[in-house]
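**Q** Here is a sequence with its predicted model. Questions after.
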Amino acid sequence: MGKREKLVIVGSGPAGLTAAVYASRGNLNPVIVAGREAGGQLMLTTEVDDFPGFPEGIQGPALMEQMRRQAERFGARFVSEDVKSVDFQQMPFTIKTETQEIKTQTVILATGASAMWLGLPSEQRLIGRGVSSCAVCDGPFFKDKKVIVIGGGDTAMKDAQYLSKLCSQVTVVVRGEALRAQEALQELLKNRSNVNFIFNTIVEEVLGQEKVEGVRLKNTRTEESSEMPIDGVFVAIGHKPNTDFLKGQLDLDEKGYIIVKDETKTSVEGVFVAGDVADYKYRQAVTAAGAGCKATLDAEDYLDNLK
């Protein structure tokens, strides 16, 4: 890859792979820096029932594999390495991976955002088997069941609100003695008869072998532990955008998300963005895919105007 590329796409989740499909069909011959752990958050998801075109549902990894094969069919080239640094200060832009340096006229950033987890071995083992970080994605699998939501901020309140429409019981487990969420979000839950709160409490362990069967809770004041039978655990303590390698190169907000203008454009002309690395509101595979399409069309227009 010693020549100057037309387009490099960083990221291989729904946003990056949709961008790759459109770019390769548009004869941009894109390079996709997929990362060592390719596929994004859907690689942690089992059944995907809300992506259009799959009436019987599809496994998250299988969906990512199909999208990748579709891009490869049209000539997209993949690099299975992580980006170590970028230089957006001069043209052509430079993307440095673990073993190579790629020069390119345009870039689409689709590196996503990673869910923040509790870090418990039992939690990690049961991700996709009752443990989730996306209520909208996985909530329908827990209809009429009992779940807990871990967290006291805005994300937790929104997740609890959504789940309360589906689940028979929603218990919000809060580490501190009060909620941190906006008052308006708290008010939405106060009159929900199937929502209750436990404060000054942490989850010590997620119980179950093949699927979630309960949690062991610990009161941080009394140090007492207790077990609660439960069907699902929704971790809602936030997301971290994967933008560490972009600091000093692009305008980021206080949480590290890429600041977007005009749908897909960043603070650097010729650098575009798609998906959860900029979208902290929706965080859905289908919205990320749509953003990937728009980013490629805007990049194509940008390249046409360079000629």
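**A** All right, it came through fine. If you're wondering where the values come from, they're calculated on a predicted model, not measured in any experiment.

**Q** So for stretch 32-39, mean pLDDT?
**A** Averaged across stretch 32-39, pLDDT comes to 87.

**Q** For Val215, see how far away the closest residue in space to Ala160 that isn't next to it in sequence is.
**A** The shortest distance from Ala160 to any non-neighbouring residue, by Cβ to Cβ, 6 or more residues apart in numbering, is to Val149 (4.7 Å). C-beta here means a position set from N, CA and C on the backbone, and glycine is covered the same way. Val149 sits 12 Å away from Val215, going by Cβ to Cβ, to the nearest Å.

**Q** So these two - more neighbours on which side?
**A** Between Val149 and Val215, counted using other Cβ atoms under 10 Å, Val149 has the larger neighbour count: 30 against 25.

**Q** Now the more buried one: which helix or strand?
**A** strand 146-150 (DSSP states H and E).

**Q** give the contact list for the residue nearest to Ala160.
**A** Val149 is in contact with 135, 156, 159-160, 163, 170-173, 234, 236, counting by Cβ atoms under 8 Å, 6 or more residues apart in numbering.

**Q** Using a markdown table, please lay out the residues you listed together with distance to Ala181 and pLDDT.
**A** Shown next, in a markdown table, are the contacts of Val149 (distance: Cβ to Cβ, whole Å; pLDDT from 0 to 100):
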| residue | distance to Ala181 | pLDDT |
| --- | --- | --- |
| Ala135 | 14 | 92 |
| Ala156 | 7 | 94 |
| Asp159 | 11 | 93 |
| Ala160 | 9 | 96 |
| Leu163 | 15 | 97 |
| Val170 | 14 | 98 |
| Thr171 | 16 | 98 |
| Val172 | 10 | 97 |
| Val173 | 14 | 98 |
| Phe234 | 15 | 97 |
| Ala236 | 10 | 95 |
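
**Q** for Met43, helix, strand, or coil?
**A** Recorded secondary structure, Met43: helix (DSSP: H, G, I helix; E, B strand; the rest coil).

**Q** burial measure for it, as a count.
**A** Met43 has 17 neighbouring residues, counting by other Cβ under 10 Å.

**Q** average pLDDT across stretch 49-59?
**A** For stretch 49-59, mean pLDDT is 91.

**Q** what comes up buried for it?
**A** 51, 58-59 (16 or more other Cβ atoms under 10 Å).

**Q** And stretch 295-305, by the same measure?
**A** Within stretch 295-305, the residues that count as buried by 16+ other Cβ under 10 Å are 295-300, 302-303.

**Q** cool, and stretch 109-119?
**A** So for stretch 109-119, counting by 16+ other Cβ under 10 Å, buried means 109-115, 118.

**Q** where exactly do the strands run in the stretch 1-150 of the chain?
**A** Along the stretch 1-150 of the chain, counting by DSSP state E, counting those that start in this stretch, strands occupy 4-10, 31-33, 47-48, 58-59, 77-79, 83-87, 93-97, 101-109, 113-115, 131-132, 146-150.

**Q** Adjacent strands (with direction) for the last one?
**A** Strands adjacent to strand 146-150 in the sheet, as given by DSSP bridges, are strand 169-173 (parallel), strand 232-235 (parallel).

**Q** Select, out of the strands of the stretch 1-150 of the chain, the one closest to Phe197.
**A** With Cβ to Cβ as the measure, strand 146-150 is the member of these nearest Phe197 (9.7 Å).

**Q** hey, C-alpha coordinates of the closest one in PDB?
**A** Only the C-alpha atoms of strand 146-150 are listed here, as PDB (Å, rounded to 0.1, in the frame of the first residue of the first chain):
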ATOM      1  CA  LYS A 146     -37.300  -9.800  35.900                       C
ATOM      2  CA  VAL A 147     -34.200  -7.700  35.200                       C
ATOM      3  CA  ILE A 148     -31.800  -5.400  36.900                       C
ATOM      4  CA  VAL A 149     -30.200  -2.200  35.500                       C
ATOM      5  CA  ILE A 150     -26.900  -1.200  37.000                       C
END
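
**Q** Can you spell out which helices and strands pack onto the host helix or strand of Cys293?
**A** In the assignment (DSSP H and E), Cys293 maps to helix 285-306. Helix 285-306 is packed against strand 4-10, helix 14-25, strand 101-109, strand 271-273, with contacts defined by 3 or more Cβ pairs under 8 Å, 6 or more residues apart in numbering; DSSP states H and E.

**Q** So which of those is nearest Asn196?
**A** Comparison of those against Asn196 by Cβ to Cβ identifies helix 14-25 as nearest, at 34.9 Å.

**Q** I appreciate the help and will end here.
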